[in-house]
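Chemist: one predicted model, sequence on top.
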Amino acid sequence: MGKYNLLNETWIPVIEGHTMENKKISLIEIFENAEKFKDLAGDTKTQDFAITRLLLAVLQTVFSRFDYEGNPHPGIDLDEKFRQVEDIDEDDVEEYTESLERTWKNLWESKKFPAIVREYLRIWEDRFYFLDDKYPFYQVRKEDIEEENINKENPSSVSGKNINRMISESGNKVALFSPKYDKVKNKEILKEDEALRWLLTFQSYSGLSDKVIFGKEKYKIPNSKGWLFDIGGIYLSGNNLYDTLLLNLILPNPNEEYIGKVERPCWEFYSSEIISNYLSYRNPDNLSELYTNWSRAIFIDSERDFNDAFNFEIVKIPEINHLDAFLEPMTLWRIDSNGPKKDKFKPRKHNSGEALWRSFGIITNISEDNKEVKGPGIIEFNYKLKKEVGDYNLNIKSVSMKDDGNATSWVPVDEIYDSLAINEEVLTDDNKEGWIPIIDSEVNLAKKVVGGIYGYFISDLMTIRNDKSKVFKNQKVEELYYKLNEPFKDWIASIKKEDEKNNKVREWRITFKSLAQREAREVLSQANTRDYRGIEKDGKIMNIATIYNKYINILNKTL
């Protein structure tokens, strides 16, 4: 008998729209009342991203099969469990695609998920038990990881304090400033709702520190670290949770090769089937399968006592294909310029400390070096929604997991998160004279000024000081970038499509120039006697005053 059903138990933390208070709700309630909640409010942003993808997997599955009224789309054959029997026939693709487009539009206008979502989930209720001997959610059965199936006597074991990424404490090193103190194994204890959320997160962000695999021979491809661990996550956020889910619900897929493919969420299959697919190196061709992708075969004892220290057993599985895997709509891409993977795109992770706006050209797919980078599919899909969405203020959000830099373990150590508010009509204004090229031009100008002009000013100062290291320059450049972050984001958020472009650009450059001057004056105010004495170079005195004046002159000409 299954325990702790995701449809009925309150395990998803959300923020209520009116009171802005936190509460926990069930999977059924989130789809019945998504419009009443501001956002998810999990333990970490990476956890929220993993849960968001689970919610989207439900919606991608349901609305790839049913329209808003709950009727099957043209060309769809369903069995008694609402499963699509086979891919859409090519003769039906056009009518099917039009039905998907109408469905998305009806969902956006209604601001309420129809009853078919609940009906589908209830049909599959037995597959949504967190603890179960037969269909454990996002897990395998005990017999799947018996000794004869793996390369060790037993699977690897992961403790509660390592599963909980707010602690991430191994048995060899104590985590300082932990949200839980270690009294009677307090760090090891996870209640059912916590353990469930961290299970979903662990399947997305695992690392490679464990050793056990299926079979006796190494896999032909690398072990999975967790698909979300390897991508620079990008998604759209709206005024409430309903809008957020709709803005990321891709109907139809911009890549025509994936339209009409059978959605294959993990709960519609036995754990043995899922493991078999991974071991045969089958790659997803549909979004719900990708969104519910596993990094580990995880076993949790269904009879465990959650008052005791928590742990689960894991076995590694192979990763899914990373090269030109454009089914994934929520990541940036970069091209491999060398080696056997040359000219292939793979996910581009976010850089720690680098604000999202600095990748604006990549996100919107108009970067000057667009032959080597590629934007996320979710933005491409968003361009098709501009008529339906219209004048709407949304957020582009980025989320990624930072690792420890050790290629043998890739331990998750911190998350990278940022957001960029922008009006929908501005985001989709990508014609030659539109706002997107203008904003991208200002981003590139900021890089030129901060990394180039200001960077040269700092380099000149280091020459005066005979300092050949790059630490001080990098530090000062990043400090100026940091001080630009909020003003530049505020400027982008303030833009309306009808704004007069020259005036709006001038408004930003006045702010930018003031910040760039102020930062240089701060450096000048901290100058010492040697900086003013300076050095002789090319027959002239080079000191802090001369390089400052040169910097200000170039800055005035540039801005």
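Modeler: Sure thing, it's come through. Keep in mind the model is a prediction, meaning the values are calculated, not measured. Residues are numbered from 1 along each chain as shown.

Chemist: so which helix or strand of this structure has the lowest pLDDT on average?
Modeler: Among the helices and strands of the chain, strand 373-374 carries the lowest confidence by mean pLDDT, DSSP states H and E, at a mean of 86.

Chemist: paired strands for that strand, with orientation please.
Modeler: Paired neighbours of strand 373-374 in the sheet (DSSP bridges): strand 332-335 (antiparallel).

Chemist: buried stuff in the partner strand?
Modeler: Residues 332-333, 335 are the ones in strand 332-335 that count as buried (16 or more other Cβ atoms under 10 Å). All C-beta atoms are positioned from the backbone trio N, CA, C, and that covers glycine.

Chemist: how about residue 112: what's its closest non-neighbour residue?
Modeler: Once flanking residues are discounted, residue 112 sits nearest to residue 35: 6.2 Å by Cβ to Cβ, 6 or more residues apart in numbering.

Chemist: OK, contacts around that neighbour?
Modeler: 17, 111-112, 240-243 (Cβ atoms under 8 Å, 6 or more residues apart in numbering).

Chemist: in CSV, list those residues along with secondary structure and pLDDT.
Modeler: As requested, the contacts of residue 35 are exported to CSV (DSSP: H, G, I helix; E, B strand; the rest coil; pLDDT from 0 to 100):
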residue, secondary structure, pLDDT
17, coil, 93
111, coil, 96
112, coil, 97
240, coil, 98
241, helix, 98
242, helix, 98
243, helix, 98
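
Chemist: mind checking which of the residues you listed are buried?
Modeler: 17, 240-243.

Chemist: now the spatially most central residue of the chain, nearest residue through space, not along the chain?
Modeler: Centroid-nearest residue in the chain: residue 233, 2.2 Å away (criterion: Cα atoms, centre = their mean). In space, residue 233 comes closest to residue 399 once its chain neighbours are excluded; the distance is 4.3 Å by Cβ to Cβ, 6+ apart.

Chemist: name the element that neighbour belongs to?
Modeler: Using DSSP states H and E, residue 399 sits in strand 393-403.

Chemist: tell me the domain ranges of the protein?
Modeler: Taking automatic domain parsing as the reference, the chain has its domains at 1-322, 435-558.

Chemist: thinking again about what came up before, run through the bridge partners of the residue nearest to the centre of the chain.
Modeler: Taking DSSP bridges, one obtains residue 331, residue 399 as the residues bridged to residue 233.

Chemist: surely it touches residue 415?
Modeler: No: using Cβ atoms under 8 Å, residue 233 is not in contact with residue 415; the gap is 9.9 Å.

Chemist: on that earlier part again, helix, strand, or coil at the residue nearest to residue 112?
Modeler: What DSSP: H, G, I helix; E, B strand; the rest coil gives for residue 35 is helix.

Chemist: which residues does residue 138 contact?
Modeler: Taking Cβ under 8 Å, 6+ apart as the test, what residue 138 contacts is 199-200, 203, 266, 292, 294, 298.

Chemist: where in this structure is pLDDT low?
Modeler: Residues of the chain that meet the criterion pLDDT under 70 lie in 165-185, 339, 366-371.

Chemist: show me what the strand holding residue 399 is packed against.
Modeler: helix 45-65, strand 233-237, strand 412-423, helix 424-427 (3 or more Cβ pairs under 8 Å, 6 or more residues apart in numbering; DSSP states H and E).

Chemist: with distance to residue 249 as extra columns, can I get those in a markdown table?
Modeler: What follows is the helices and strands packed on strand 393-403, written out as a markdown table (distance: least, Cβ to Cβ, whole Å):
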| stretch | distance to residue 249 |
| --- | --- |
| helix 45-65 | 5 |
| strand 233-237 | 10 |
| strand 412-423 | 19 |
| helix 424-427 | 15 |
